[in-house]
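Participant: Sequence and predicted structure below; questions after.
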Amino acid sequence: MVVDDEPGFTEGLVANLRQEGFRTAVAHDGQKALQLFASRQVDMVLLDIMLPGMNGREVCQKIRAQSTVPIIMLTARDDDIDKILGLEVGADDYLTKPFNFRELLARMNAVMRRVDGTTAAPEGQQTTMQVHQGVHIDTNRRALITAAEDLPLTVKEFSLMELFARNPARVFSREELLDRVWGYDYYGSPRTVDVHIRRLRKKLEQLQDVEDASEIIKTSWGAGYFMQKPSEGAEA
């Protein structure tokens, strides 16, 4: 789904996407975007920030309240605050206009590879990993799970959580996380990592078994982030 209020830009983008084999649906304002999203199966959203009426960040928030579909924000300004706010409300990535279509395509394919790469594990293979007492990550469903609730994760949230869970106590620098989660050819700021870590901690704290998510995904000051070994608990 392409959401943008500039007809000329939208027509060109849709033509290029269709040439690459994508089926597309278009909305020119936020309200119509939400109606369109509710009416059909959407695999990815390309969402402009500057929209009439309801802006792109509001649309992103409302979509995130009901879905973990990948969202790439498009912004006409190169201001860090626009990008950070877009990520804070749940976008997986952002791109500044004007952009090269091939770069957009690479970003889209990178996100979709991570979605498609999550497949059901063979019978008998472990599909959950403990991340905290009473909290696990389910690699089949891309969700945090407890005995009482499930909490779906977005593509980037899941990729970060899975990487930490598979490498407990290992410190990853922001640059390493950008490389491992966003891809070696990603040109975004390391601050992107900080925003996603904050989002992931906030989501963890929605679970009744978690009081302080910074005791699960810990900060190694000046070095990066790591996940506390579950067996060590909060007293480590």
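Facilitator: Good, I have the coordinates. Everything quoted here is computed from the prediction, not taken from an experiment.
Participant: The helix or strand hosting L46: what's the following helix or strand?
Facilitator: Per DSSP states H and E, L46 falls inside strand 45-48. Sequence-wise, the next helix or strand downstream of strand 45-48 (DSSP H and E) is helix 56-64.
Participant: for that following helix, packing partners?
Facilitator: Packed against helix 56-64 by the contact rule (3 or more C-beta pairs under 8 Å, 6 or more residues apart in numbering; DSSP states H and E) you find helix 30-39, strand 45-48, strand 71-75, helix 80-88. (Glycine included, C-beta is placed from N, CA and C.)
Participant: Let me see the mean pLDDT of it.
Facilitator: The pLDDT scores in helix 56-64 average 92.
Participant: What are the buried residues along that helix?
Facilitator: 56-60, 62-64 (16 or more other C-beta atoms under 10 Å).
Participant: any idea of the angle it forms with strand 71-75?
Facilitator: 170 degrees (axes from the mean of the first three to the mean of the last three C-alpha atoms, to 10 degrees).
Participant: if I look at R77, how far off is I49?
Facilitator: 8 Å (C-beta to C-beta, to the nearest Å).
Participant: One more: A27?
Facilitator: Distance from A27 to I49, by C-beta to C-beta: 14 Å.
Participant: Check which helices and strands the strand holding L46 sits against.
Facilitator: So strand 45-48, by 3+ C-beta pairs under 8 Å, 6+ apart, packs with strand 2-3, helix 30-39, helix 56-64, strand 71-75.
Participant: and the strand or helix carrying L163, how far from the chain's centre?
Facilitator: Per DSSP H and E, L163 falls inside helix 155-166. How far helix 155-166 lies from its chain's middle: 10 Å, per C-alpha atoms, centre = their mean, to the nearest Å.
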